[in-house]
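Participant: sequence and predicted structure are below.
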Amino acid sequence: MMEWSSGDEDRTTSGASNALNPALAAAQALLLALQSSLYDTQRALLTGDVKNLEQWTEKQNSLMHSYLALPDGERAPSAVLAALAARVRELGRIQIVLLSRAQNRHRMLSNLRAGTTTDYARVAESRAAACDLTSATKERCR
Amino acid sequence: MSSLNTSLDIALSGLMAEQGALETTTNNVANINTLGYSRQVPDLVTRDPIVEDQLTFGSGVDLQKIESIRDPILESQIQQETQTQGQWSALVSALSQTQSNFGTTASDIGTAISNFFDSLNQLSTSPADLSLRQNVLTAAANMANAFNMASHRLTSQRTNLDDSVQQTVGQINQITTQIARLNRQISSLENVGESAGTFVDQRTQLIDQLSSLIDVSVIPTDNTLTIATANGTALVAGQQSFALSTQLDASGVQHIFSQARDITSTIVSGQLGGLLEARDGQIPAIQSQLDTLASGLANAVNGVQTAGFDLNGNAGPDLFNPPAATGAASSLSVALTDPSGIAASSDGSVGSNGNVEALYALRNQAIVNGQTPTDYYSSIVFNVGNAAANANAQQSASSLVLQQLNDQRSSVSGVSLDQEAANMMRYQQAYAASAQVISTINSMMQTVINMKAS
């Protein structure tokens, strides 16, 4: 069973044990920060802590931009970076699952709140219409 | 007016009640590490008062019942999450195994396809060279073998999953029988007003176990409960359990029956749901994609091969035996045994390499469902990897949620040593006070007896 402590161990061991080429150190630091932030988001998602969820998601965005802005040479494949990137990808997938679960839960609650008199067909139609606006929204609405 | 005896009785009731409460605390402390144990609390109630003329006298205290602390909504959430967890665990296990079939090895399908086209490329440099022709036949046989092996491994995996389905059904039957027995014990105890907390804890644990195996919904009824699958097939109704059975269908896989009704397609969650999804959904889909690739490739190669001429100037025979409509990957085989039969020539002359170049050109042509063979194979590998990674993420997310729910359950139902220590002191002091009252009444009685004697 996954526990918080395992995440905390990851945060320390990944950073401490791997001496890296200084050129790649920036990429490693960013990936470690991203990993740490993803663990924090998991915690926020599970406890329904919306404020921190926003905060960590913004941080992840900025970390991702910083990472992608690094020169290619500083993101060159190395065993350490590849392992870190794989872990970040895995945490990202878990976050997607948790987010979609949270979304379902909120949809269910909003339906409950709407009560029995709501015209669900109309709600579905308006939602579909909103989702048809742009391809980007469509992707999000799926 | 009440007598000293009444006071004694009241003090005694306090003594008994505090003793019972202390026993509850002792039991809680003893079970602090017992899995699934729910904290118990004594329910102390005031005895009915005695009314004499215009005065009302209290008559003591009763330990009415010992109650286990549970949150039914939390229990239900845990059961649901356990089902999800069971489903994804089964899928992760199955897909990890499937994924290992598609790793890059010397004998994997991707490498074999690549080697086959490389051998054709080499032959085009010297189309009459018998050793290069033999290399093409060997590479074709290796490719067919790679398809056969991959398909065979998927079939074996399906067979193993089928065995697991049978075993899981057996486990489900065992658990439902135990739950029905516990229902009987709980019912008989609660009907006479006794506490059945320990049995309820055992039943809760069994329901958790059952939830990890199959999708269940629990419907509480008077002093008992009914357990059904998500689509309403009864597994336990009060004191009776309904066993599931398995039966082979025409295609050779086990179907699940409840009272002669096939419920296989209705099981979507729990370990059984995951096993069925892998056995009947994921693996057959991969097998079908491999069949499409094998038949697309073999038909395209045969088409070009029969349009050219062999080393003797005759029309080229099929290189592969025409693939079957279903199971092309498992039955793919090379028809040609004579290397001179490879139709390298496009005009019948010995030195022509026009047709072998056409054969090689298939490598980059969309001959399998609108994709090149390599791209199609890559998409299969990608899909398998993606499904495995997705299942892993789902399982991890489910573990996190389950962990959190279990922590919540512990905070509601778990034993806190600090709390129990405080309770123990409280009950001990109350017991001592009741004992002191008895002692005082005793001395009052002694005074009365001495008054009469004097």
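Facilitator: Yep, that arrived. Numbering: from 1, shown residues only, chains lettered A, B, ... in the order given.
Participant: helices or strands next to the helix or strand containing B:Gln446 in the packing?
Facilitator: Using DSSP states H and E, B:Gln446 falls within helix B:417-453. On a contact count with 3 or more C-beta pairs under 8 Å, 6 or more residues apart in numbering or on different chains; DSSP states H and E, helix B:417-453 meets helix B:4-30. In short, each C-beta sits where N, CA and C put it, glycine included.
Participant: any idea how far the following helix or strand past the helix it packs on is from the chain center?
Facilitator: Counting by DSSP H and E, the next helix or strand C-terminal to helix B:4-30 is strand B:40-46. Remark: strand B:40-46 is offset 40 Å from the chain centroid, using C-alpha atoms, centre = their mean, to the nearest Å.
Participant: now swap in stretch B:123-134 and tell me
Facilitator: That offset, for stretch B:123-134, works out to 54 Å (C-alpha atoms, centre = their mean).
Participant: so which residues make contact with it?
Facilitator: Stretch B:123-134 is contacted from outside by B:119, B:122, B:135-136, B:311, B:339-340, B:342, B:344-345, B:350-353, B:356-357, B:360, using C-beta atoms under 8 Å, 6 or more residues apart in numbering or on different chains.
Participant: among those, which are in helices?
Facilitator: B:Ser119, B:Gln122, B:Asn135, B:Val136, B:Val356, B:Glu357, B:Tyr360 (DSSP state H).
Participant: run a quick check on the second one versus B:Asn135, I expect a contact.
Facilitator: The reference is to B:Gln122. Yes: the pair B:Gln122 / B:Asn135 is scored as a contact, 6.7 Å apart, by C-beta atoms under 8 Å.
Participant: in the chain, what spans have low per-residue confidence?
Facilitator: Picking chain A for this. For chain A, the stretches flagged by pLDDT under 70 are A:1-23, A:73-76, A:117-142.
Participant: that's the wrong chain, I wanted chain B
Facilitator: B:1-2, B:106, B:452-454.
Participant: at which residues are the helices of it located?
Facilitator: B:4-30, B:72-100, B:109-125, B:130-191, B:197-213, B:270-277, B:283-307, B:328-331, B:354-361, B:373-413, B:417-453.
Participant: for chain A, what are the nearby residues on chain B?
Facilitator: Proximity of chain B to chain A is confined to B:389-390, B:392-394, B:396-397, B:399-404 under the rule C-beta under 8 Å from any C-beta of the partner chain.
Participant: most surrounded residue in the ones in helices among the contacts of stretch B:123-134?
Facilitator: When neighbours are counted by other C-beta atoms under 10 Å in any protein chain shown, B:Val356 leads the ones in helices among the contacts of stretch B:123-134 with 28 neighbours.
Participant: quick one: residues contacting it.
Facilitator: Per C-beta under 8 Å, 6+ apart, neighbours of B:Val356: B:Leu120, B:Leu123, B:Ser124, B:Pro127, B:Gly308, B:Ile342, B:Ala343, B:Ala344, B:Ser345.
Participant: not counting its neighbours along the chain, what's nearest the first one?
Facilitator: Nearest residue to B:Leu120 in three dimensions, chain neighbours excluded: B:Tyr360, at 4.3 Å (C-beta to C-beta, 6 or more residues apart in numbering or on different chains).
Participant: quickly list what B:Ser345 is bridged to.
Facilitator: B:Ser345 has these beta-bridge partners by DSSP bridges: B:Phe309.
Participant: so it touches B:Asp310, yeah?
Facilitator: Yes: using C-beta under 8 Å, B:Ser345 is in contact with B:Asp310, at 7.4 Å.
Participant: counting neighbours, what do you get for the residue nearest to B:Glu357 when sequence neighbours are not counted?
Facilitator: Of all residues not flanking B:Glu357 in the chain, B:Ser124 sits nearest, at 5.1 Å (C-beta to C-beta, 6+ apart). Neighbour count of B:Ser124, defined by other C-beta under 10 Å: 19.
Participant: same check, this time on the one 5 residues further on
Facilitator: Using other C-beta under 10 Å, the number of residues around B:Asp129 comes to 14.
Participant: distance of it from chain A?
Facilitator: 40 Å (C-beta to the nearest C-beta, to the nearest Å).
Participant: then B:Gly58?
Facilitator: In terms of C-beta to the nearest C-beta, B:Gly58 sits 47 Å off from chain A.
Participant: same check on B:Ile172?
Facilitator: 23 Å.
Participant: list the contacts of that residue.
Facilitator: Contacts of B:Ile172 by C-beta under 8 Å, 6+ apart are B:Leu210, B:Leu213, B:Ile214, B:Leu235, B:Leu244, B:Leu272.
Participant: cool, thanks, signing off.
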